[in-house]
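Q: 3D, please:
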Amino acid sequence: MTEYYQTENRRQHPRVQAPIYCWLKRLAVRSESDRLPLIDVSLGGMRVHLYQEVKMNDILEMELLLPNNTVLQCTARVAWLSPLPVWASTKYDVGFQFVQMPTEALKCLARTLGQEAWLE
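A: Numbers count the residues shown, from 1 in each chain. From the prediction side, this is the model:
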């Protein structure tokens with residue numbers, strides 16, 4: 001299991017826009033409609049728009065759905081959040097920092113993002 005908690009350098013890994021989705025595990029039911037598209041993602045974290053309210057430093061378990069239908073388990077911390085305008089289709093713009101991800105899941109994400117070199 002890989003654990004990391006970066007604070008000094010917020011942009012250690014390049015962000016990528018990729019067709020990756022997530023489910024927050026704290027939701028009681030996981031359905032297709034609960035699948036959230038990521039705005040961008042890196043090996044260090046992700047950005048997503050949420051309907052649910054979260055607080056700074058909340059730790060959430062989630063699943064990431066990759067384009068090849070692989071599901072990765074991870075734990076992430078709310079690193080920043082910003083309310084969206086009232087006319088937006090969701091309520092919050094949220095940045096998550098990955099704090100725990102199995103090593104094999106991290107390698108799989110790196111391959112998906114074309115960032116294997118960052119793991120060397």
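
Q: ok, the closest residue to residue 90 other than its chain neighbours - contacts?
A: What sits nearest to residue 90 in space, not counting adjacent residues and going by C-beta to C-beta, 6 or more residues apart in numbering, is residue 49, at 4.0 Å. (C-beta placed from N, C-alpha, C; glycine too.) Going by C-beta atoms under 8 Å, 6 or more residues apart in numbering, residue 49 touches 36, 39, 84, 88, 89, 90, 92, 93, 94.

Q: with residue 50 instead?
A: 24, 36, 90, 91, 92, 94.

Q: whichever of those residues end up buried, select them in ChimeraX.
A: Typed into ChimeraX, the next command selects the buried ones out of these (criterion: 16 or more other C-beta atoms under 10 Å):
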select :24,36,91,92,94
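
Q: just the ones of the contacts of residue 50 in strands?
A: 24, 36, 92, 94 (DSSP state E).

Q: one step back: and the contacts of residue 49, which is closest to residue 62?
A: residue 36 (9.1 Å; C-beta to C-beta).

Q: do you know the pLDDT at that closest one?
A: Residue 36 is assigned 91 on the pLDDT scale.

Q: before we move on, what about the one 5 residues further on?
A: Predicted confidence (pLDDT) at residue 41: the value is 95.

Q: contact partners for it?
A: So residue 41 contacts 15, 16, 17, 18, 20, 47, 109, 113 (C-beta under 8 Å, 6+ apart).
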